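[1] with the input below, show me the fold.
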Amino acid sequence: MKAVQVSRRDFLKVSGMAGAGLALASCTAVVPETGTEAVPQEVTVFFWDGPPLIGIREEALAPFDEAYPGCELNFTSVPGGWNAGYSEKLYAGLAANDPPDLFIIRIADLPEFLSKDLLLDLKPYVDRDSYDLNEFPALAIESYTHDGGIYGMPDNVASVAMFCNQDMIEEAGAQVPTNQWDDPGWTVDDFFNMCEAVTQRDANGDTTQYAYQVTGWSVIWQIWVRIFGGQLVDDPFYPTECTLNEPGAVEGLQFYADLIHKYGFAPRFDVMQDLGAVELMHTGRLAIINNGSWSFPNFHDVDYEVTLGHYPSGPGGRANYVYYFPLVIPKTTQVPDCAWNLLKYFNGPAMEKIIQDGGLQGTTLSAQQAYFLTDTRPPQNKQVMVDAVRNFVAPDPVLTNYNEVSRTMQAEVDLLLNGEERDAKVVADRIKAAVDPLIQEGQWR
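    Below you'll find the predicted structure:
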């Protein structure tokens, strides 16, 4: 890769020029015949992980060259995530017409890439190889689909859950969150009663033991919005307006914030900043936190019973959030067959090893069932996370500027959660006023 530093703004300026170079590829994709090259074709993949996950990925992909002798893997990682150097390196390659042959993007970035016609349609390859898409969550594949084409496959399909100190909850005589998605006996009222029983205060009224973690993490407050029957927008695939000011959404936001500021069931943000949620849980001061499978190593050697539970059901039913960032192939790749084979290998033999080594929750439901669920180390009830994937119903709004929309929403919600604003309706009305024009700007199809 060339060591050119190009910002996202510069990339957007030159992408129109790059589009001219893609003109010949803009017709229906022609799938090359599979063949064996005398000299292996180098295929480059970009990830953004740091240790230990990056080592797990690299080791799992190492046998790819042997599985596909006509291809030679060039493995690259830019640790730290999208905003820590990865996006700059990716945009530099795209602008120079020298991108990696397979790379991860955030789901919120996919519409921008599609609107600029930068990605290879994978459907001809899927059809040629009779590649089974039924093992992936249907909503994820639908999110990667545009005008009949398929423009990505999952890098990981990961849900979140309530991580519970079962000992603390049972000692309080309270109900442990259910591990069954369809359990009618775990409702918002049950959750509230559990919080009331677990929370403890000393003689001065200071809280010594909290029930639940309220966090500014956007996916968690969105879960609570959906539990109460609200949604971010009117239609995630074709959004026209923000709906966070509707009664269900407002009720969910208010309930979530009140867990801190009205009832004292959750620690304030300043307390969280001092110690952190995992440390508060380990020291017996917090019963339930929100987290994902990437946090499992934090609980492998604890001296208490830690179990996973579902979020309670409410007027909107039960809810969760699922990450489904895609791996994509650029139209300009010179090795489309090798890139496609690498994508298949990643979601096949490599993924099995990655899950077993504790790297990811997995991309296919069968792999999650076979490998993710057979890990006997804590936490218990990992089925909770697979059930959440199976019941995935709320994709992110499909807009070219959803990252800006999300930041705008988050800035207002933060005011509610840190106590600067106590009325969720006021916050929701401000969000709608700011976001509705952005939604119009983000239309692209």
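
[2] what is whichever strand or helix holds residue 57 packed up against?
    Using DSSP states H and E, the element containing residue 57 is helix 53-61. Helix 53-61 sits against strand 41-47, strand 71-77, helix 351-356, with contacts defined as 3 or more C-beta pairs under 8 Å, 6 or more residues apart in numbering; DSSP states H and E. From N, CA and C alone the C-beta is placed, and that goes for glycine too.

[3] what's the pLDDT at residue 272?
    Residue 272 is assigned 85 on the pLDDT scale.

[4] enumerate every residue touching it.
    Each residue near residue 272 by C-beta atoms under 8 Å, 6 or more residues apart in numbering is listed here: 213, 215, 280.

[5] so what's the spatially most central residue of the chain up against?
    In the chain, the centroid-proximal residue (C-alpha atoms, centre = their mean) is residue 323; its distance is 2.2 Å. Residues counted as contacts of residue 323 (C-beta under 8 Å, 6+ apart) are 107, 156-159, 292.

[6] returning to that earlier point: just the contacts of residue 272 now: which is nearest residue 201?
    residue 280 (15.8 Å; C-beta to C-beta).

[7] measure how buried the closest one is and give me the count.
    20 (other C-beta atoms under 10 Å).

[8] do residue 353 as well
    17.

[9] in terms of pLDDT, where does it sit?
    So residue 353 comes in at 92 (pLDDT).

[10] same check on residue 393?
    88.

[11] likewise the one 3 residues further on?
    What the model reports as pLDDT for residue 396 is 96.

[12] and the residue nearest to residue 254 when sequence neighbours are not counted, what does it touch?
    Residue nearest to residue 254 in three dimensions, not counting chain neighbours: residue 424, with 3.8 Å by C-beta to C-beta, 6 or more residues apart in numbering. Residue 424 makes contact with 250-251, 253-254, 257, 416, according to C-beta under 8 Å, 6+ apart.

[13] can you pull out the low-pLDDT segments for the stretch 201-350 of the chain?
    By pLDDT under 70, the stretch 201-350 of the chain has no low-scoring segment.

[14] apart from its neighbours in sequence, what residue is nearest residue 176?
    residue 169 (5.1 Å).

[15] for the one helix or strand the one you found maps to, packing partners?
    Assigned by DSSP H and E, residue 169 belongs to helix 166-171. Packing contacts for helix 166-171, counted by 3+ C-beta pairs under 8 Å, 6+ apart, involve helix 188-198, strand 286-292.

[16] most tightly packed of those?
    strand 286-292 (a mean of 24; mean count of other C-beta atoms under 10 Å).

[17] pairing partners for that strand, with directions?
    strand 158-165 (antiparallel), strand 207-212 (parallel) (DSSP bridges).

[18] just to revisit the earlier point, who touches the next helix or strand along the chain from the helix holding residue 57?
    As assigned by DSSP H and E, the chain's next helix or strand after helix 53-61 is helix 64-67. Around helix 64-67, the neighbours that count as contacts under C-beta under 8 Å, 6+ apart are 40, 71-73, 341-342, 345, 349-350.

[19] among those residues, who's most crowded?
    residue 342 (26 neighbours).

[20] turn the helices and strands packed on helix 53-61 into a markdown table, columns for distance to residue 265.
    As requested, the helices and strands packed on helix 53-61 are exported to a markdown table (distance: least, C-beta to C-beta, whole Å):
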| stretch | distance to residue 265 |
| --- | --- |
| strand 41-47 | 39 |
| strand 71-77 | 40 |
| helix 351-356 | 35 |
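
[21] what is the rounded mean pLDDT of the helix holding residue 169?
    98.

[22] which of the residues in it are buried?
    By neighbour count on 16 or more other C-beta atoms under 10 Å, the buried set for helix 166-171 is 166-169.

[23] so which of those residues comes closest to residue 128?
    Using C-beta to C-beta, the buried residues of helix 166-171 come closest to residue 128 at residue 166, 49.5 Å.

[24] show me what contacts the residue lying closest to the closest one once chain neighbours are set aside?
    Nearest residue to residue 166 in three dimensions, chain neighbours excluded: residue 305, at 4.2 Å (C-beta to C-beta, 6+ apart). Neighbour list for residue 305: 165-167, 378, 380 [criterion: C-beta under 8 Å, 6+ apart].

[25] kindly reformat those as JSON lines and extend each row with distance to residue 111.
    Listed next are the contacts of residue 305 as JSON lines, based on distance: C-beta to C-beta, whole Å:
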{"residue": "165", "distance to residue 111": "40"}
{"residue": "166", "distance to residue 111": "42"}
{"residue": "167", "distance to residue 111": "45"}
{"residue": "378", "distance to residue 111": "39"}
{"residue": "380", "distance to residue 111": "39"}
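
[26] going by distance to residue 91, which of those residues wins?
    Distances from residue 91 to those, taken by C-beta to C-beta, are shortest for residue 378, at 40.5 Å.

[27] tell me the confidence at that closest one?
    At residue 378, pLDDT is 95.

[28] from residue 299, how far off is it?
    Distance, residue 378 to residue 299, by C-beta to C-beta, to the nearest Å: 5 Å.

[29] which residues do those two both contact?
    In contact with both residue 378 and residue 299: residue 306, using C-beta under 8 Å, 6+ apart.

[30] quick one on the thing from earlier: okay if I get the contacts of helix 64-67 as TSV plus distance to residue 227?
    Output for those, formatted as TSV (distance: C-beta to C-beta, whole Å):
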residue	distance to residue 227
40	51
71	46
72	49
73	43
341	42
342	39
345	39
349	38
350	36
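
[31] longest helix in this protein, please.
    helix 424-441 (DSSP state H).

[32] give the contact list for residue 400.
    111-112, 115, 442-444.

[33] and the residues you listed, which is the shakiest by pLDDT?
    Within the contacts of residue 400, lowest confidence goes to residue 444 (93).

[34] give the contact list for that one.
    Counted by C-beta under 8 Å, 6+ apart, residue 444 has contacts 111, 114-115, 399-400.

[35] just give me the closest of those residues to residue 434.
    residue 399 (14.1 Å).

[36] apart from its chain neighbours, what residue comes closest to the closest one?
    residue 442 (3.2 Å).
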